[in-house]
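*Asks:* Predicted model and sequence below, questions to follow.
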Amino acid sequence: MASLTVRQIDDALKQQLRLRAARHGRSVEDEVRTILREAAGDTETPPTAGSTPAPVEKPAAAKRVLLIIGGGIAAYKSLDLIRRLKERGLTVRCILTKAAEEFVTPLSAGAITGERVFTDLFDPAHEFDVGHIRLAREAELIVVAPATADLMAKMANGLAGDLATAVLLATKAQILLAPAMNPAMWANRATQRNLAQLIADGVATIGPNEGEMAESGERGFGRMAEPLEIAAGVERILKLRDAPKPLKGKRVLVTAGPTHEPIDPVRYIANRSSGKQGYAIAIAAAGAGADVVLVSGPVNLPRPQGVTVVDVESARDMLEAVERALPADVAIFAAAVADWRVANAGAQKIKKQAGKTTPDLALTENPDILSTIAHRASGRPGLVIGFAAETENVLANAKAKLAKKGCDWILANDVSPETGIMGGDRNTIQLVTASGVEAWPPQSKEDVAATLIAHIAAALNGEQN
Ligand code: C5P
């Protein structure tokens, strides 16, 4: 059979195929081929004589994690971490620093990993058969747990005087640090400077958590993240790394969070937006391979890795930052921008005045960022997406908003207080486009983000076909 043409596929099925293809990072044609191949493989028909047997899929090789155990009291938890990683089907190799050997022995780490444990940069036997360069190259992910202040300082400065730091300097693999130290050492400006440098260098971190310190009975930030948390972080990183990249080469702009509109230098008007949905979208877009700029109002969320964050306060700052971040292929406006600002904001703190109960504050309208960008005559992103957070007549208002703001898609959601969506972790979306309405099931904000990114990838893919 040279080719196969299937006619009369309805639009809904085509859309489903596009979404599936985007999720798997394949062209629609390749996705159909895969489905057909799977369906053919599922039939019970025995192979006829002379037919070519279907290729047997080899089981995937276990992923190799290199665990560097630093010298801290939390090192005892690293032995449990090895077990947790192995439970997830990972192969674990271990390096112990000299200081780590004061807390755990190579024998115990070796017994749990089932592999040789490495300790010495200049061990002639190890350098001969598994040298530090090979250790660095063969790891798909390097976890440093506990990451002591000393190890972090050495890494931030590119020192390579022992096996652990030499491997860390030589590797191209993602590194995940689980810091653990005394709270004062963690809070020290030098440690925080090193941490900022390491994050800027692309190193991922988990923890430290707040709690009681084993050695001193003190409380504070410095406890190593629990082995289960670290193992979950490892799984997340490996999954993200292996995920298809349907937005590779695309630039995605996201706005998130509330805006703060000054009343005077110390007071402002704000709203209850947490920024969680916009941040989840930025993270999902980066995970799909996009180059992401996140223009963020004031929020209390960790900075997403692999995303350029531009911090702003007011709606006018946000518009300026968005315009500066263009051009973009896709722009997603998830920020809860204040509709009004104080026209006569005080240059100084407004004082109570005798005989006057309230100050005369006049409000004026803020620029509508979404509408401004969607109506640009030139440099308009190919796909402009807005949100419609409504407390009543959700669909009707969303449809009106689509037309008025000139955007391509609106994600409508009911934010009436009883839904708990504003500031909460879940969201129920209806996607409104020129061609109709698609209701998504209630899901976490992360899943909303993943669904949206799959739709965007499908739309961009569809355009190109
Ligand atoms: O008009 P409303 O605030 O309901 O519109 C919501 C959508 O418009 C969201 O996507 C929001 O980010 C965007 N918006 C904006 N600038 C404003 C007001 C809303 O970008 N000043």
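*Replies:* Looks like it arrived, so ask away. Numbers count the residues shown, from 1 in each chain.

*Asks:* who's in contact with the spatially most central residue of the chain?
*Replies:* Note on the chain: the residue nearest the mean C-alpha position is residue 283, at 3.2 Å, using C-alpha atoms, centre = their mean. Residue 283 makes contact with 304, 307, 446, 449 under the criterion C-beta atoms under 8 Å, 6 or more residues apart in numbering. Heads up, the C-betas are built off the backbone N, CA and C, glycines and all.

*Asks:* Could I get the pLDDT score of the first one?
*Replies:* According to the prediction, residue 304 has pLDDT 84.

*Asks:* residues near residue 73, how many?
*Replies:* Here the number of neighbours of residue 73 (other C-beta atoms under 10 Å) works out to 17.

*Asks:* can you pull out the strands in the stretch 101-250 of the chain?
*Replies:* Secondary structure of the stretch 101-250 of the chain (DSSP state E, counting those that start in this stretch): strands located at 117-118, 141-147, 174-179, 204-205, 209-212, 219-223.

*Asks:* Just name the most buried of those strands.
*Replies:* Most buried of those by mean neighbour count (mean count of other C-beta atoms under 10 Å) is strand 141-147; its value is a mean of 27.

*Asks:* Partner strands of that strand, with direction?
*Replies:* The strands beside strand 141-147 in its sheet (DSSP bridges) come out as strand 64-69 (parallel), strand 174-179 (parallel).

*Asks:* Show me what counts as buried in stretch 257-275.
*Replies:* 257-264, 268-269, 271, 273-275 (16 or more other C-beta atoms under 10 Å).

*Asks:* Let me know the closest of the residues you listed to the ligand.
*Replies:* If you rank these by distance to the ligand using C-beta to the nearest ligand atom, residue 259 comes first, at 8.1 Å.

*Asks:* That closest one contacts residue 313, doesn't it?
*Replies:* Yes - in this structure, residue 259 is within contact of residue 313 by C-beta atoms under 8 Å, at 6.8 Å.

*Asks:* got any residues that touch both of those two?
*Replies:* Contacts common to residue 259 and residue 313, judged by C-beta under 8 Å, 6+ apart, are residue 297.

*Asks:* coming back round to it: quick one, which of the strands of the stretch 101-250 of the chain gets closest to the ligand.
*Replies:* Per C-beta to the nearest ligand atom, nearest to the ligand of those: strand 204-205, 29.2 Å.

*Asks:* Domain-wise, how is this protein divided?
*Replies:* 64-241, 245-339+363-464 (automatic domain parsing).

*Asks:* Turn the strands paired with strand 141-147 into JSON lines, columns for distance to the ligand.
*Replies:* Below are the strands paired with strand 141-147 laid out as JSON lines (distance: least, C-beta to the nearest ligand atom, whole Å):
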{"stretch": "strand 64-69", "distance to the ligand": "40"}
{"stretch": "strand 174-179", "distance to the ligand": "33"}
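
*Asks:* Apart from its neighbours in sequence, what residue is nearest residue 19?
*Replies:* Among residues not flanking residue 19 along the chain, residue 458 sits closest, at 4.7 Å (C-beta to C-beta, 6 or more residues apart in numbering).

*Asks:* swap in residue 406?
*Replies:* In space, and not counting its chain neighbours, residue 406 is closest to residue 374: 3.9 Å by C-beta to C-beta, 6+ apart.

*Asks:* sorry, back to before: I'd assumed the residue nearest to the centre of the chain was in a strand, is it?
*Replies:* No - assessed by DSSP: H, G, I helix; E, B strand; the rest coil, residue 283 does not belong to a strand; its assignment is helix.

*Asks:* So which of the contacts of residue 283 wins on neighbours?
*Replies:* residue 449 (27 neighbours).

*Asks:* Which secondary structure elements does the host helix or strand of that residue sit against?
*Replies:* Take DSSP states H and E as the rule and residue 449 turns out to sit in helix 445-464. Counting contacts by 3 or more C-beta pairs under 8 Å, 6 or more residues apart in numbering; DSSP states H and E, helix 445-464 packs against helix 11-24, helix 276-287, strand 330-333, strand 383-390, strand 409-414, strand 426-427, strand 429-433.

*Asks:* need the domains of the chain in a markdown table with distance to residue 9, can you?
*Replies:* Formatted as a markdown table, those follow (distance: least, C-beta to C-beta, whole Å):
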| stretch | distance to residue 9 |
| --- | --- |
| domain 64-241 | 31 |
| domain 245-339+363-464 | 13 |
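
*Asks:* The helix holding residue 449 near the ligand anywhere?
*Replies:* No - using C-beta under 6 Å from any ligand atom, helix 445-464 never reaches the ligand; the gap is at least 12.5 Å.

*Asks:* Compute the inter-axis angle for that helix and helix 276-287.
*Replies:* If you take axes from the mean of the first three to the mean of the last three C-alpha atoms, to 10 degrees, helix 445-464 sits at 50 degrees to helix 276-287.

*Asks:* Next, the buried residues of helix 445-464.
*Replies:* 445-461.

*Asks:* Kindly report the same for stretch 403-416.
*Replies:* For stretch 403-416, by 16+ other C-beta under 10 Å, it's 405, 406, 407, 408, 409, 410, 411, 412, 413, 414, 415.

*Asks:* Could you report the separation of the fourth one from residue 313?
*Replies:* For residue 408, the distance to residue 313 equals 28 Å [C-beta to C-beta, to the nearest Å].

*Asks:* wouldn't residue 73 be in contact with residue 223 here?
*Replies:* No - the criterion here is C-beta under 8 Å, and residue 73 misses it with residue 223 at 10.0 Å.

*Asks:* And for residue 348, the neighbour number?
*Replies:* When neighbours are counted by other C-beta under 10 Å, residue 348 registers 8.

*Asks:* tell me the contacts of it?
*Replies:* 264, 265.

*Asks:* Does residue 250 touch residue 330 like I think?
*Replies:* Yes - counting by C-beta under 8 Å, residue 330 is a contact partner of residue 250 at 6.5 Å.

*Asks:* you'd agree residue 78 is in a strand?
*Replies:* No - counting by three-state DSSP, residue 78 falls outside a strand, being helix.

*Asks:* pLDDT score for it?
*Replies:* 97.

*Asks:* right, and it touches residue 68 too?
*Replies:* No - look at residue 78 against residue 68 with C-beta under 8 Å: they stay out of range, at 9.2 Å.

*Asks:* Spit out the residues that contact these two alike.
*Replies:* residue 145.

*Asks:* tell me which element residue 268 is part of?
*Replies:* strand 267-269.

*Asks:* what separates that strand from the chain centre, distance-wise?
*Replies:* Remark: strand 267-269 is offset 30 Å from the chain centroid, using C-alpha atoms, centre = their mean, to the nearest Å.

*Asks:* just checking, what packs against it?
*Replies:* So strand 267-269, by 3+ C-beta pairs under 8 Å, 6+ apart, packs with strand 261-264, strand 340-342.

*Asks:* mind listing what it pairs with, with the direction of each?
*Replies:* In the sheet, strand 267-269 lines up with strand 261-264 (antiparallel) (DSSP bridges).

*Asks:* The strand it pairs with near the ligand at all?
*Replies:* No - taking C-beta under 6 Å from any ligand atom as the criterion, strand 261-264 and the ligand are apart, separated by no less than 10.6 Å.

*Asks:* And the average pLDDT for that strand is what?
*Replies:* On average, strand 261-264 scores 96.

*Asks:* Pull that strand out as PDB, backbone CA atoms only.
*Replies:* Provided in PDB are the C-alpha atoms of strand 261-264 (Å, rounded to 0.1, in the frame of the first residue of the first chain):
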ATOM      1  CA  GLU A 261      -2.100  51.000  41.800                       C
ATOM      2  CA  PRO A 262      -0.600  53.600  44.200                       C
ATOM      3  CA  ILE A 263      -2.800  55.900  46.300                       C
ATOM      4  CA  ASP A 264       0.300  57.400  47.800                       C
END
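
*Asks:* I am finished for the moment; much appreciated.
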